[in-house]
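A.B. asks: task: produce atomic coordinates for the following.
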Amino acid sequence: MGVAVGLAIGVIPLPTQMVLAAVLAIICRANVAAAIAATWLTNPFTLVPIWSLAIALGRLASGHSGPIATPEMLAITWSEPASWLPSAWAWVQALGEPLLIGLPLAGLALGAAAYLVVYIGWWAVIRGERWRRLRQRARAA
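C.D. replies: So this is what the prediction gives:
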């Protein structure tokens, strides 16, 4: 549950992801350390795939069929560092409704998927350990 909470919160771009994930993990009685660590899965390297999923889900949920912001719309003048942040912010605003709707949906989808993967993985570990103990007992008897 901690991984699911952390991933669901980590998808939404907030400056306090770890704190919010820890608080939500406490409320949900989940593993706080796992929730905090799962927020680290969202980083500059995973931003593009996660936001692509969010935009696709947002377009699907909202029925948005018009154009969205493209990399060509990101007009950054590289020789003027002061223009980088305003240009990036204007580009994110151009993503608009699909992104705002899609980020929570992507968080829920990725959180649910993480929950299933961790649950099934943990079940497999416990099942394997149980089988190992039964075999040891059978050999000893």
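
A.B. asks: show the pLDDT at residue 122.
C.D. replies: What the model reports for residue 122 is a pLDDT of 94.

A.B. asks: separation between the residue of the chain positioned farthest from its centre and residue 129?
C.D. replies: Distance from the C-alpha centroid of the chain peaks at residue 141, with 48.8 Å (Cα atoms, centre = their mean). Applying Cβ to Cβ, to the nearest Å, one obtains 19 Å for the distance of residue 141 from residue 129. C-beta here means a position set from N, CA and C on the backbone, and glycine is covered the same way.

A.B. asks: leaving out chain neighbours, which residue sits closest to residue 64?
C.D. replies: Excluding the flanking residues, the one nearest residue 64 by Cβ to Cβ, 6 or more residues apart in numbering is residue 98, at 5.0 Å.

A.B. asks: hmm, that neighbour is touching residue 63, no?
C.D. replies: No. Residue 98 sits out of contact with residue 63 when judged by Cβ atoms under 8 Å, with a separation of 9.9 Å.
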